[in-house]
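A.B. asks: generate a structure from the sequence data that follows.
(chains A and B)
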Amino acid sequence: MLQYGPLKTEVVLQPVSGKALPVLRGEVLRIIQEEGEQCVDFNAFNLHDYKEFLGVSNTRSRNAFRVKKGDIIWTVSSRDRPMFLILEISETCRTDLLGGRCRASLFDRRGYGLHTNCQDTLAAAIGEYDLTPDDAHDSLNLWMNTEWDSVGRYFTLRNTGRKGDYVDLLATIDTLSVPATCGSGDVGWTSNFSLKPIRVQVFDASDETLARVEEIERHNTGFKGQRTPDEFKVNKIKADRELRRNPNYVPEFVNYPITTKRIQIPLSTEELAKTNQLLEAGLGKDVAEVIRIGVILWYMRNREPGRRSR
Amino acid sequence: MADSHSSDGEQIIEVTFNQQQYVVIERLKTEGQFGRTDEEIVRNIFLEFLRQEGV
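C.D. replies: The predicted structure follows:
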């Protein structure tokens, strides 16, 4: 386990509350089950540019439907940068990247009237930094025991969190981190039909945590598409709400238009017969397509840097 | 597909790559292990692919 810096901040989040906390590069955010069995919704923003925030779908596509120890939490696809590393996570902490966050209408339609919900809890917490309810985003859900069946139906099972369980997130950029105690759990299995508090701690950066951040940066930054707002053609944040067409705007699509190069490939009778075997197996619609797909597949399997085996 | 037969029984297959796929061929050309021309690279990589597929 890495040696963290000293404890910098500690708060207990009472049920149905949340807190926006700066957690800077190299610092560690620890989220602890105070009593157990409580789902936690987690939002996060780049402290210096709130338009860059935790990207749930980006994190999901880069890892899995659940994240685990050692996984990187990424920012949204427009920026695509590492935001946190999961340093530690209790075995009983099921993570969820599918559920988004609960909102008031879910409960009103079930007959509960105005009920606590994570959209409103997160909105109340981020208001401290002048962010609006529209800025709350889909959550990385911690201690949320969800499952899905063979046709994609999604459901929640009993919360498995135990008292003292914790998750440690190493910030790889300066963040505004927003843990919230999920407000849905008193009327479902999300938190086993009762609402409990959560303890949150922030540890200072140490030489070891900063070294780990630098290692992550070395392997995961510097790629095309990891842009800053200065690189956007339209980079001013729109201040009003109405959408109006800009008649002078000309989009710049990447590598547009797509062009092709023709390459003549000689195949012997024997090679063609082998190619036809793959054609018959459904690899392509014709021999030329089989060759093209074969070349790209070979590259993917043998030369793509850092590719996971599939 | 514009294919043709050469005199020694070989068949010539015309394969198209877009500019984004062609990056791969350029990269492999620089590597040198599979040839120097577009034709050599595509042909040799494809034969290697066939071998790996066990065909």
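A.B. asks: where along chain B do the strands fall?
C.D. replies: Under the criterion DSSP state E, chain B carries strands at the ranges B:4-5, B:11-18.
A.B. asks: count of residues packed around the closest residue to chain B within the stretch 101-250 of chain A?
C.D. replies: Of all residues in the stretch 101-250 of chain A, the one sitting closest to chain B is residue A:224 (11.7 Å; Cβ to the nearest Cβ). Every residue, glycine included, has its C-beta placed from N, CA and C. Residues lying near residue A:224 (other Cβ atoms under 10 Å in any protein chain shown) number 7.
A.B. asks: tell me the spacing between it and residue A:231.
C.D. replies: Here the distance between residue A:224 and residue A:231 works out to 10 Å (Cβ to Cβ, to the nearest Å).
A.B. asks: with residue B:23 instead?
C.D. replies: Taking Cβ to Cβ as the criterion, residue B:23 is separated from residue A:231 by 21 Å.
A.B. asks: residues touching the nearest residue to residue A:140 once chain neighbours are set aside, list them.
C.D. replies: Distance criterion Cβ to Cβ, 6 or more residues apart in numbering or on different chains; nearest residue to residue A:140, sequence neighbours excluded, is residue A:42 at 4.5 Å. When contacts are counted by Cβ atoms under 8 Å, 6 or more residues apart in numbering or on different chains, residue A:42 touches A:31, A:54, A:139, A:140, A:141, A:142, A:177, A:178, A:179, A:180.
A.B. asks: of the residues you listed, closest to residue B:19?
C.D. replies: Each of these was checked against residue B:19 using Cβ to Cβ; the closest is residue A:54, at 33.9 Å.
A.B. asks: report how many residues lie close to the nearest residue to that closest one once chain neighbours are set aside.
C.D. replies: In space, and not counting its chain neighbours, residue A:54 is closest to residue A:44: 4.3 Å by Cβ to Cβ, 6+ apart. Residues contacting residue A:44 under the criterion other Cβ under 10 Å number 28.
A.B. asks: for residue A:44, which residues make a bridge with it?
C.D. replies: residue A:177 (DSSP bridges).
A.B. asks: what about it, distance to residue A:126?
C.D. replies: As defined by Cβ to Cβ, residue A:44 lies at a distance of 10 Å from residue A:126.
A.B. asks: shared neighbours, the two?
C.D. replies: In the contact map built from Cβ under 8 Å, 6+ apart, the residues linked to both residue A:44 and residue A:126 are A:176, A:178.
A.B. asks: residue numbers of chain A in contact with chain B?
C.D. replies: Taking Cβ under 8 Å from any Cβ of the partner chain as the criterion, the neighbours of chain B within chain A are A:255, A:258-269, A:271-272, A:274-275, A:277-278, A:286-288, A:291-292, A:294-299, A:301, A:303.
A.B. asks: in chain B, which spans are helices?
C.D. replies: Remark: helices assigned in chain B by DSSP state H are B:19-31, B:38-53.
A.B. asks: and the contacts of the last one?
C.D. replies: The reference is to helix B:38-53. The set of residues that contact helix B:38-53 without belonging to it, under Cβ under 8 Å, 6+ apart, is A:261, A:263-267, A:271, A:274-275, A:278, A:291, A:294-295, A:297-299, A:301, B:15, B:17, B:25, B:28-29, B:34-35.
A.B. asks: please redo it, this time with the cut-off set to 7 Å
C.D. replies: Applying Cβ atoms under 7 Å, 6 or more residues apart in numbering or on different chains, the contact partners of helix B:38-53 are A:263-266, A:271, A:274, A:278, A:291, A:294-295, A:297-298, B:15, B:25, B:28-29, B:34-35.
A.B. asks: contact partners of stretch A:156-171?
C.D. replies: With Cβ under 7 Å, 6+ apart as the contact definition, stretch A:156-171 has outside contacts at A:23-33, A:35-39, A:84-90, A:92-94, A:142-143, A:145-147, A:188-192, A:209, A:212-213.
A.B. asks: kindly export that stretch (C-alpha atoms) in PDB.
C.D. replies: Extracted in PDB, the C-alpha atoms of stretch A:156-171 (Å, rounded to 0.1, in the frame of the first residue of the first chain):
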ATOM      1  CA  THR A 156     -30.500  -3.900  -7.700                       C
ATOM      2  CA  LEU A 157     -29.600  -6.600  -5.200                       C
ATOM      3  CA  ARG A 158     -28.900  -6.300  -1.400                       C
ATOM      4  CA  ASN A 159     -26.200  -3.800  -0.500                       C
ATOM      5  CA  THR A 160     -23.100  -5.800   0.600                       C
ATOM      6  CA  GLY A 161     -21.100  -2.900   2.200                       C
ATOM      7  CA  ARG A 162     -19.800  -3.500   5.700                       C
ATOM      8  CA  LYS A 163     -18.900  -1.000   8.500                       C
ATOM      9  CA  GLY A 164     -15.400   0.200   7.900                       C
ATOM     10  CA  ASP A 165     -15.200  -0.700   4.200                       C
ATOM     11  CA  TYR A 166     -13.400   2.000   2.200                       C
ATOM     12  CA  VAL A 167     -12.400   3.100  -1.200                       C
ATOM     13  CA  ASP A 168      -9.200   5.100  -1.800                       C
ATOM     14  CA  LEU A 169      -9.100   7.300  -5.000                       C
ATOM     15  CA  LEU A 170      -5.800   8.900  -6.000                       C
ATOM     16  CA  ALA A 171      -6.500  12.200  -7.800                       C
END
